[in-house]
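[1] Dropping the sequence and predicted coords here.
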Amino acid sequence: MIDWISSLGSWAERVALKMNSDSVTYALLEEKVKQCQTHLLDLLKNSQDARTLVQKPRPLVLLQMENSLTGIVYYLACLRARWPVIVVSPQMHDDGVEQLKASFLPNLVLTDTHELSFHPHRHVLDDKLALILLTSGSTGGGKGVALSYTNIQENTRSICQYLPIQKDDITLASMPFSYSYGLSVLHTHLAQGACVAVTSHTIVEKGFWELVEQLPVNSLAGVPHWYDMLIRLRFTRRSLPALRYFTQAGGRLSEYTVNALAEFADKNNSQFFRMYGQTEATARIAWLHPDRVRKPDAIGQAIPGGTLYLEDEEQNRISEPGKVGELCYIGPNCMLGYVESVGEMASFDVSGILRTGDLAYFDDDGDFRIAGRKKRIIKLLGERINLDELERLFASKGFEVKCCGDDSHLFIFCLQDRREQVHALAREWVNAPPKFYHVNVVAKWPLLANGKIDYQQLTLLANNAVTGN
Amino acid sequence: MTNQEKLTQAFCDALGIGPDQVKDDLQYNTIKEWDSTAHMVLISELENTFDVMLDTDDIIDMSSVAKAKEILAKYDVSF
């Protein structure tokens, strides 16, 4: 059991959550979580043949988790009852949700507006299994990352050791809880007896900025794209005396943004934490000390309790500064494993080593710095898209599609007669405004001598199409 | 193109919606296409189309199509 979940009530009358004008104390939150657990248990018992579900084996829950009191209570109730829960974005398209239901056969499906109990399957689920997050955000087609109670407990504890979260703090949840970084903000604050404010307002609304000033907010957390928008909104000209620190993770921050935020941090007397992580490591892997925050591409050092190292192509450890290799991580927050169906959840063979797929080196200070990516993965507006998985997703609908791109654009290629259908699917699946993805057609696929797709050639075609050449 | 047509075009390009959806009462965050990211794309599109530089307060005040017209009017764009 995760200690801070079983002891929520010990923070008594302290405020755990703020939503609009409502405050929810820890005592009330615990009460609501217990009630929810009882209620869900009844729901399961009433569904046919499900009487035995709640003993052993445990039920499997699919939660489309909103940033709302309902969403948080559902989530905590699952953790408290030790019911493994698949947490997905409420924005996930119907195709994606249906695919998950078919692969994982959840006994309960929960959203803010629906509670459905079905599939009286008796799943065999590993005792350690607590949470399944998706690698692909709301795009779908990705894999499930299976995380344990220990993973959550240890990563939360570790983050609380290096971030200055105090029990009187109020933070504003600006990221979805279905995203590992957003969820870690919830975990760490509940573990410290602090307060998480939840809002439906986004940074381009007055209501958001009123909350930041009125609560007032002591910390903020966001992905690079979010900070780019903040800068565009001239956030750095504001004075926010209560803002003690702010954190960034979820991709590479441009040098311009790093410097703008570092300057703001100096002027506003705030600490600026740049961090690195992956869902596969529950959330966090590394953090950069605020004193060295201006160092380009740096991710700093492993979080407390973890170890970072580099491997060359022969899988030998690299011991000299400046030499690039694959970034690897060992720690108690490394996932149980990937899962693509419920059958894979019966037991896990845990290696405890995470090969991140990122290329890095360490500098003379011993800080790790990112040099590139090994896998075909892009981060579009903070959302991870595995290009090979996206191609497979299109293939599952019968479309031959090839994808390439970078962190600013996704390019989708198809053959001429399929353009309209592919475009319609892309619109449905890709959670980004049209400027960020393009559907291009080719008469035939450019191939390398070995017969494989020539992605360099496709990238060239794509960039030419964008610049109008 | 009239300013109204230009405005409609800017909304369509930025949000990826059809011209029939660009009505005065269309509001921010009521359709999935008009989220915060798309809003910033829309702002750039409007700034380029009408050759203006919008203030931060105006950017966060632009909560509907009608409001966009009202704000642009302050920058001497008439509808």
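    Cool, the structure landed. Computed from a prediction, not measured in an experiment: that's the story for all the values here.

[2] Which residues does the longest helix anywhere in chain B contact?
    Using DSSP state H to define each element, chain B has its longest helix at helix B:36-50. Residues from elsewhere that reach helix B:36-50 (Cβ atoms under 8 Å, 6 or more residues apart in numbering or on different chains): A:202-204, A:225, A:229, A:232, A:381, A:432-433, A:435-436, B:3, B:6-7, B:9-11, B:13-16, B:28, B:34, B:52-54, B:59, B:62, B:68, B:72, B:75, B:77. C-beta here means a position set from N, CA and C on the backbone, and glycine is covered the same way.

[3] Stretch A:233-249 now?
    Residues outside stretch A:233-249 that contact it (Cβ under 8 Å, 6+ apart): A:163-164, A:169, A:181, A:203-204, A:212-213, A:215-224, A:227, A:230, A:260-261, A:263-265, A:268-277, A:284, A:290, B:56, B:59-60.

[4] Looking at the residues you listed, which are in helices?
    Using DSSP H, the contacts of stretch A:233-249 in helices are A:181, A:212-213, A:224, A:227, A:230, A:260-261, A:263-265, A:268, B:56, B:59-60.

[5] now those residues: which count as buried?
    A:181, A:212, A:224, A:227, A:230, A:260, A:261, A:264, A:265, A:268, B:59, B:60 (16 or more other Cβ atoms under 10 Å in any protein chain shown).

[6] Residue A:203 - how many residues pack around it?
    23 (other Cβ atoms under 10 Å in any protein chain shown).

[7] need the residues of chain B near chain A, please.
    B:13-16, B:28-29, B:32-33, B:35-41, B:56, B:59-61, B:63 (Cβ under 8 Å from any Cβ of the partner chain).

[8] Let's see the ChimeraX selection covering just the buried ones among the residues you listed.
    To isolate the buried members of the residues of chain B next to chain A in ChimeraX, using 16+ other Cβ under 10 Å:
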select /B:13,14,15,16,28,29,35,36,37,38,39,40,41,59,60,61,63
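
[9] hang on, the earlier thing: please flag which of the contacts of helix B:36-50 sit within helices.
    Filtering those for helices - DSSP H - leaves A:225, A:229, A:232, B:3, B:6-7, B:9-11, B:13-15, B:59, B:68, B:72.

[10] right, and out of those residues, which lies closest to residue A:308?
    residue A:225 (25.2 Å; Cβ to Cβ).

[11] what residues are up against that closest one?
    Neighbours of residue A:225 in contact, by Cβ under 8 Å, 6+ apart: A:251, A:381, A:382, B:37.

[12] ok, now with 10 Å
    Listed by Cβ atoms under 10 Å, 6 or more residues apart in numbering or on different chains, the contact partners of residue A:225 are A:250-251, A:253, A:257, A:379-383, A:407-408, A:432, A:436, B:36-37, B:40.

[13] try residue A:70
    Counted by Cβ under 10 Å, 6+ apart, residue A:70 has contacts A:32, A:36, A:110, A:111, A:112, A:113.

[14] do the same with residue A:80
    A:1, A:2, A:5, A:6, A:8, A:30, A:33, A:34, A:36, A:37.

[15] which among the contacts of helix B:36-50 end up buried?
    Listed as buried from the contacts of helix B:36-50 are A:202-204, A:225, A:229, A:381, A:432-433, A:435-436, B:6-7, B:10-11, B:13-16, B:28, B:34, B:52, B:54, B:59, B:62, B:68, B:72, B:77; burial here means 16+ other Cβ under 10 Å.
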